[in-house]
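Q: give me a 3D structure for the following:
(2 chains)
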Amino acid sequence: MENLLKVKELKTSFQTLRGEVTAVDGVSFEVKKGEILGIVGESGCGKSVTSQSIMRLYNEKELVKYEGEVLLEGNNLLKLSEKEMRSVRGNDIAMIFQDALSSLNPVFTIGNQIVEAIRLHEKISKKEAKKRAVELLRLTGIPIPEKRVDAYPHELSGGMRQRAMIALALSCQPKLLIADEPTTALDVTIQAQIMDLIVELNQKMGMGIMLITHDLGVVAHTCQRVIVMYLGQIVEEGMVDEIFKNPSHPYTKGLIKSVPTTNTDVSRKLYTIKGVVPLLSEAGEGCRFCNRCEMATEKCRTSKPHLYSMKNEGHRVRCFLYEKGGDCHEAK
Amino acid sequence: MKQNKKTEDNVIFEVKNLSKVFGVKKADRKKGSGGIRAVNDVSFAIREKETFALVGESGCGKSTTGRMALRLIEPTEGDIFYHEKSIMQLKSGEMRALRKNMQMVFQDPYSSLNPRKSILSIVAEPLLIHNMVENKKQAEEQAKELLCRVGIREDQFDRYPHEFSGGQKQRISMARAIITKPEIIICDEPVSALDVSIQAQVLNLLRELQEEYRVSYLFISHDMSVVKYISDRVAVMYLGTIVEEAATEDLFANPLHPYTQALLSAVPEADPDIKKERIVLYGEIPSPMNFPSGCPFHTRCAYATEHCNDFRPARVEVKEGHFLACHHWERIRQSQRKEQEESHG
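A: Residues are numbered from 1 along each chain as shown, chains lettered A, B, ... in the order given. Take a look at the predicted model:
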């Protein structure tokens, strides 16, 4: 498949009172056309900063410094002027957020907001844009869209609001949709509906989707490929089946083992990763996971591991265990 | 850890026909508004050293039920028994004295610890309030011991809540709850605000403390996988009512209520090998403001008939310890068995 988005050595640093903090540190990955890529990690791992850096949503005058390249079909977004960037946002790349209530404007109707988005990027009449808004709402499964188009965000339930936000994101047929924890605030039965909708739209419209989540369950059932992040770096990347059946990085292994599933043996203790995620400023010279890792050696504390390629294509792991060409000689 | 099935008789806590209607003012009642029916005729019993889970989606009344159990919210109807004695008539002073036996751990550790107190005094405070020690020094001794037990380092005892991570705060909340040696702790979504790797640590701690202190938990959660792991018995709530209740293994292996079946099928599991036929529920939970007549689930149920519109199903014991509120469970089970047989050829 063709690459839609290619991120090369992206580095996002923030100016804070305690000095510069590099929240995303040398992240490289691709999103192919029509694929759903999952990005998982715990809070503070940099998954959201990565996505917001792609959209360049931070204040570049004072707060943030980007390095590296973000190539959307070969075009480096980090080099664009603010005006050019504005025509990319919403048009080529759209984003949906966790909390639909605070992401939608409370003083405008759903229809108004979709019409605004369409007319910002395309020259069509209000009437036509509204017609398209109704169609979009219908596409996302909102019942009686002709009526709901005139509803304000607070008049809709959580699930319906999320559908409305998806409709808004799809209004200009983006090539890439970034979904940042789109179902975290929803109940499981509603989450199932929304994830089904996202997968269905992905198949229908063929856009690439970056799904950012902390929920391994959601990833296991919707994504084709997945990236695991820890403290601003990619620690493992691969196909979903590969990552779940043959997790290789000690962090990925621990993460998967510590989530109870309905198959978990309840008579045993849950596996835990010892300790907590350290602050970015506390990350040492070596591997960022070494203080919590059961396999850590002296080398891990002093030098930085790279992403090493494993046997299966596209499977990469940032751990010295796999330094020698991926043949894993360590017992699993 | 789950072998305490023979303690049938040791019921320490029981609620009967508990209901809560919010916002019924006299004026509203005249206008004919029924108020918000948050909890509707809920009964269950918790035995010694048992984890009893209430699961359901947001707005199903599980937290309200948990709070009513401690009379933090006064029930509109129903009765609560602690060691077979009703606690509904107790005055607030008597109730407060009783609360040393019934503690609570909340979902949000950020807002449930006093930000202006050191964690040592937070954990020692219950002992002083309930006069369980002679002086402050003794209280702090015990608090120190317990904080060490839940995994807080000694040099951190004088720090304030904001200096700790979410998981640590939840450990401190656990220590505060267990220091009075309660018989029951009500845990309201204790791990849902935590990251997955931390969630596992806190779940293990909950289990260890249960062994050591012989405490029962009323565990309120929306996460089916967590509930499966931690609890002995489960009650599934929908729109203020318990629709199904059974031993955990039984419930997960043989869910009988159509809502339980849909709920279980919707859980995304962190294992691509678990392939489930997903039952998609159409529509959304009705508002408790206009409580549906008859069975509360009939508006979304694929098996609903006219009968379900008109009559509320009674709670029946379909086999030992497995309770159900559904008119058509036998018909549903038969048709599902038939489908299964057909699909297996």
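
Q: what about A:K126, how many neighbours?
A: 12 (other CB atoms under 10 Å in any protein chain shown). The C-beta positions use only the backbone N, C-alpha and C, and glycine is treated the same way.

Q: return the residues in contact with it.
A: Counting by CB atoms under 8 Å, 6 or more residues apart in numbering or on different chains, A:K126 makes contact with A:V115, A:R119.

Q: one more pass at 10 Å, please.
A: Remark: with contacts taken as CB atoms under 10 Å, 6 or more residues apart in numbering or on different chains, A:K126 is in contact with A:N112, A:V115, A:E116, A:I118, A:R119.

Q: give me phi/psi at it?
A: With angles defined as degrees, to the nearest 10, A:K126 sits at phi -60, psi -40.

Q: circling back: top of the contacts of A:K126 by neighbour count?
A: Using other CB under 10 Å as the neighbour criterion, A:V115 leads the contacts of A:K126 with 24 neighbours.

Q: ok so, going back, got CSV for the contacts of A:K126, with secondary structure and pLDDT too?
A: CSV is the format used below for these (DSSP: H, G, I helix; E, B strand; the rest coil; pLDDT from 0 to 100):
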residue, secondary structure, pLDDT
A:N112, helix, 95
A:V115, helix, 95
A:E116, helix, 93
A:I118, helix, 93
A:R119, helix, 93
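
Q: list the residues that contact the most centrally placed residue in chain B.
A: For chain B, the residue nearest the mean C-alpha position is B:I220 (2.5 Å; CA atoms, centre = their mean). Counting by CB under 10 Å, 6+ apart, B:I220 makes contact with B:52-56, B:62-67, B:69, B:105, B:107, B:186-190, B:192, B:227, B:237.

Q: host element of it?
A: Using DSSP states H and E, the element containing B:I220 is strand B:216-221.

Q: that strand pairs with which strands?
A: Paired with strand B:216-221 in the same sheet, following DSSP bridges, are strand B:51-55 (parallel), strand B:184-188 (parallel).

Q: let me know which of these is tucked in deepest.
A: Comparing the strands paired with strand B:216-221 by mean neighbour count (mean count of other CB atoms under 10 Å in any protein chain shown), strand B:51-55 ranks first with a mean of 26.

Q: packing partners of the helix or strand following that strand?
A: The first helix or strand that comes after strand B:51-55 along the chain, using DSSP H and E, is helix B:62-69. In terms of contacts (3 or more CB pairs under 10 Å, 6 or more residues apart in numbering or on different chains; DSSP states H and E), helix B:62-69 is packed against strand B:11-22, strand B:36-47, strand B:51-55, strand B:77-82, strand B:102-105, strand B:184-188, strand B:216-221, strand B:233-238.

Q: one more pass at 7 Å, please.
A: strand B:11-22, strand B:36-47, strand B:184-188, strand B:216-221 (3 or more CB pairs under 7 Å, 6 or more residues apart in numbering or on different chains; DSSP states H and E).

Q: what's the angle between that helix and strand B:11-22?
A: Here the directions of helix B:62-69 and strand B:11-22 differ by 120 degrees (axes from the mean of the first three to the mean of the last three CA atoms, to 10 degrees).

Q: show residues contacting helix B:62-69.
A: Residues outside helix B:62-69 that contact it (CB atoms under 7 Å, 6 or more residues apart in numbering or on different chains): B:15, B:18, B:20, B:38-39, B:42, B:54, B:56, B:73, B:75, B:80, B:186, B:188, B:218, B:220, B:237.

Q: same question, stretch B:119-128
A: With CB under 7 Å, 6+ apart as the test, stretch B:119-128 has contacts from B:100, B:113-114, B:133, B:136, B:139-140, B:142-144, B:146-147, B:157-159, B:161, B:172, B:175-176, B:179-180.

Q: helices of chain A, start to end?
A: A:47-54, A:82-88, A:100-103, A:110-121, A:126-139, A:145-148, A:158-170, A:188-205, A:216-222, A:240-245, A:250-258, A:298-302 (DSSP state H).

Q: just the buried positions in the third one, please.
A: This means helix A:100-103. Neighbour-count burial for helix A:100-103, counted by 16 or more other CB atoms under 10 Å in any protein chain shown, picks out A:A100, A:S103.

Q: tell me the centre residue of chain A?
A: Most central in chain A (CA atoms, centre = their mean) works out to A:I212, at 2.6 Å.

Q: pretty sure that one contacts A:V49?
A: No. Assessed by CB atoms under 7 Å, A:I212 is found out of contact with A:V49, at 10.3 Å.

Q: so where's chain B uncertain?
A: For chain B, the stretches flagged by pLDDT under 70 are B:1-9, B:24-34, B:345.

Q: rerun at 90
A: B:1-10, B:21-37, B:57-60, B:92, B:96, B:107-111, B:163-167, B:192-198, B:266-293, B:335-345 (pLDDT under 90).

Q: can you name the residues of it that neighbour chain A?
A: B:1-2, B:57-58, B:165, B:167, B:195-198, B:200-201, B:203-204, B:222, B:224-226, B:228-229, B:252, B:262-263, B:266-272, B:274, B:278, B:280-281, B:284 (CB under 7 Å from any CB of the partner chain).

Q: swap in 6 Å and give it another go.
A: Proximity of chain B to chain A, by CB under 6 Å from any CB of the partner chain, involves residues B:57-58, B:165, B:195-197, B:200-201, B:203-204, B:225-226, B:228-229, B:252, B:266-272, B:281, B:284.

Q: buried ones among the residues you listed?
A: Among these, those classed as buried by 16+ other CB under 10 Å are B:57, B:195-197, B:200-201, B:203-204, B:225-226, B:228-229, B:252, B:266-272, B:281, B:284.

Q: touching stretch A:88-101 from outside, list them.
A: Counting by CB atoms under 6 Å, 6 or more residues apart in numbering or on different chains, stretch A:88-101 makes contact with A:55, A:103, A:117, A:121, A:161-162, A:165-166, A:169, A:172, A:174-182, A:184-185, all of which sit outside it.
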